[in-house]
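K.L.:
Test case, fold it:
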Amino acid sequence: MASPSIIPADRLDRDIYIVLEDFGARAGCAWRETDESDPDLETVLQGLLSGQYAYPVRIVCFNAGEGWGRDATSDVADALAQRAADRDDEIPGSPAGLYRRQRHAALRRPARAAAAGRRVMFKEGKPGGAGPPPQS
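P.N.:
Have a look, this model is predicted:
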């Protein structure tokens, strides 16, 4: 029989957002402390817009109760852009940098995916250089 969890399930069965922030060359990156009562998307958006994060690098969302986690940086960047558009305003300071980095990465993804899908061959038909692909 499995032991019961020491963490109440209601604390885990929700979407939790955490922010990875770059504190510079000396301190490096760290996951920012988050209050247990408000680790939701709205709180992260408010923190970004209010200047709580100087240089956000990545935002992760997970739900331990459901057993999943994912990189939510692009989704948060889109939500920031939507919020700015709704207010007929610009994305301020560091969130603007986060948004620009995510848009740049999104533009590069199709090219990287296509490059990763190509098989590069040597002249002799061996993997690694130019030449005809091997017969399957």
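
K.L.:
Can you give me every residue that contacts the closest residue to R32 other than its chain neighbours?
P.N.:
Among residues not flanking R32 along the chain, V19 sits closest, at 4.7 Å (Cβ to Cβ, 6 or more residues apart in numbering). Just so you know, the C-beta spots here come from the backbone N, C-alpha and C atoms, and that holds for glycine as well. Residues near V19 by Cβ atoms under 8 Å, 6 or more residues apart in numbering: 31-32, 34, 44, 47-48, 53, 56, 58-59.

K.L.:
Give me the buried entries from those.
P.N.:
Among the contacts of V19, the ones that count as buried by 16 or more other Cβ atoms under 10 Å are 34, 44, 47-48, 53, 56, 58-59.

K.L.:
how close does R83 get to I91?
P.N.:
According to Cβ to Cβ, to the nearest Å, R83 stands 8 Å off from I91.

K.L.:
Please say which of these two ends up with more neighbours.
P.N.:
I91 (19 against 16; other Cβ atoms under 10 Å).

K.L.:
Test my guess that the more buried one contacts L80.
P.N.:
Yes: between I91 and L80 a contact is recorded at 5.3 Å, counting by Cβ atoms under 8 Å.

K.L.:
what sits in contact with each of these two?
P.N.:
Y99.

K.L.:
and R101, what is it in contact with?
P.N.:
Counting by Cβ under 8 Å, 6+ apart, R101 has no contacts.

K.L.:
In a helix, it, correct?
P.N.:
Yes: counting by DSSP: H, G, I helix; E, B strand; the rest coil, R101 is located in a helix.

K.L.:
which stretches of the protein form helices?
P.N.:
Assigned by DSSP state H, the helices in the chain fall at 9-12, 41-50, 73-86, 93-117.
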